[in-house]
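Q: A structural model of the following input is requested.
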Amino acid sequence: GWNYKGLTAAVRLLRRIHHPRAEQFAREAEDYRERFQRAFRTAASQMPEWTDGDGRRERFVPAALPGGGDLQFPFYLDTGPLFLVYGELMDAADPLMRSALHYFRAGPNTRAYDLEGAWHQPVSLRHEMSSCEPCYSWNLFHAWQTGDRAKFLEGMYSLFAGSVSRRTFVGCEHRGGISGTLFSVPLPVEAARLSVIDDQIEPDRLHLLRLVPRAWLSSERPTVWERIPTTFGPVTLRFQLEDDGRRLRVDFEPGFRHPPQAISLWVPPSDGLRTIAINGRVVDAVPGQAIAVE
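A: Next comes the predicted model:
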């Protein structure tokens, strides 16, 4: 997954600078993904089955190729199939990814896990955070990609609250362990950025407020994201509710090095919201609708 993600990132850069070998590496990346998926699906068809709490039987999703890997090892989540969405080798909507996610949310480990026990128990998700190492809660990117707002925000807030020691305020390598690391800190911070300023969900496009938490829309003070790095260049975004919550004022200041092909602002779910003023341009607000930013 890391190899493929690095290869595709290199392709985007090479295309941007019009490098003569860009398309050669693009073809290599496409071939890499196709070959991986064929091998992955073949391995998945040979995996044993598991049963969820409703009696539904599904096959395990492989943790390694060509065989299935150790399905009881805690790193089945950390370095297993859920990573493939972040690594861009699989789509979150793929049936195999949905099945893998269902296992970590509703599989037998969720019923057997002891919250007072050691970190190296068979892994599961607890409020969308890994029961082993919080920094490897790759499920967050599944919810992000599919637009599952409830699960995405549950995971983001769980990581902010549960992956940092409440005594020392440092990151924890394992739940309940104080290691003095920063491993878990970047993940919820990146989730927060993507919820408001998203340059990853769609190539060459920028999405604003796509999964922004309702709590971040305030009439008392503006919410300010200043000079946030994106692949297009730094972006500043300010937004505040006005007129008793009926209007959302949005001020967008890009500092693009190269502009995206399009910019979309998503209308957040806010009771009573009727209009959005984007840099002074007023448009009707329909929750869930994307508005083109000119």
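Q: Buried residues, the longest helix along the chain. List them.
A: Longest helix in the chain, counting residues (DSSP state H): helix 22-44. Neighbour-count burial for helix 22-44 flags 22, 25-26, 29, 32-33, 36, 40, 43-44 (criterion: 16 or more other Cβ atoms under 10 Å). From N, CA and C alone the C-beta is placed, and that goes for glycine too.
Q: TSV for these, including distance to Val235?
A: Shown next, in TSV, are the buried residues of helix 22-44 (distance: Cβ to Cβ, whole Å):
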residue	distance to Val235
Ala22	26
Phe25	28
Ala26	27
Ala29	27
Tyr32	31
Arg33	30
Phe36	33
Phe40	36
Ala43	41
Ala44	40
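Q: which one is Arg238 nearest to, not counting chain neighbours?
A: Asp251 (4.4 Å; Cβ to Cβ, 6 or more residues apart in numbering).
Q: I'd guessed that neighbour sits against Val235; true?
A: No. Counting by Cβ atoms under 8 Å, Asp251 stays clear of Val235, with 11.4 Å between them.
Q: which of those two has more neighbours?
A: The neighbour comparison of Asp251 against Val235 (other Cβ atoms under 10 Å) goes to Val235, with 22 against 15.
Q: which phi and psi does the more buried one have?
A: The phi and psi values for Val235, taken as degrees, to the nearest 10, are phi -130, psi 140.
Q: Now do the contacts for it.
A: 197, 206, 225, 227-228, 252-255 (Cβ atoms under 8 Å, 6 or more residues apart in numbering).
Q: any chance of the residues you listed in JSON lines, plus distance to Ala292 and neighbour count?
A: Converted to JSON lines, those look like this (distance: Cβ to Cβ, whole Å; neighbours: other Cβ atoms under 10 Å):
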{"residue": "Ile197", "distance to Ala292": "16", "neighbour count": "21"}
{"residue": "Leu206", "distance to Ala292": "11", "neighbour count": "25"}
{"residue": "Trp225", "distance to Ala292": "20", "neighbour count": "16"}
{"residue": "Arg227", "distance to Ala292": "23", "neighbour count": "10"}
{"residue": "Ile228", "distance to Ala292": "20", "neighbour count": "14"}
{"residue": "Phe252", "distance to Ala292": "12", "neighbour count": "17"}
{"residue": "Glu253", "distance to Ala292": "17", "neighbour count": "12"}
{"residue": "Pro254", "distance to Ala292": "14", "neighbour count": "17"}
{"residue": "Gly255", "distance to Ala292": "20", "neighbour count": "12"}
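Q: what's the farthest-apart pair in those?
A: Leu206 and Arg227 (14.8 Å; Cβ to Cβ).
Q: Filter the contacts of Val235 down to the ones in strands?
A: Mapping the contacts of Val235 onto strands (DSSP state E) picks out 197, 206, 225, 227-228, 252-254.
Q: now the residues you listed in TSV, with pLDDT and distance to Ser124?
A: Conversion of those to TSV gives the following (pLDDT from 0 to 100; distance: Cβ to Cβ, whole Å):
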residue	pLDDT	distance to Ser124
Ile197	98	31
Leu206	98	35
Trp225	98	33
Arg227	97	39
Ile228	97	33
Phe252	98	40
Glu253	97	43
Pro254	97	41
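Q: Ramachandran angles for the residue most central in space within the chain?
A: Centre of the chain computed as the mean C-alpha position; nearest residue by Cα atoms, centre = their mean is Phe141, 2.4 Å away. Here is the backbone geometry of Phe141 (degrees, to the nearest 10): phi -80, psi -20.
Q: For it, which non-adjacent residue is spatially closest?
A: Distances taken as Cβ to Cβ, 6+ apart place Tyr86 nearest to Phe141, at 4.5 Å, with adjacent residues excluded.
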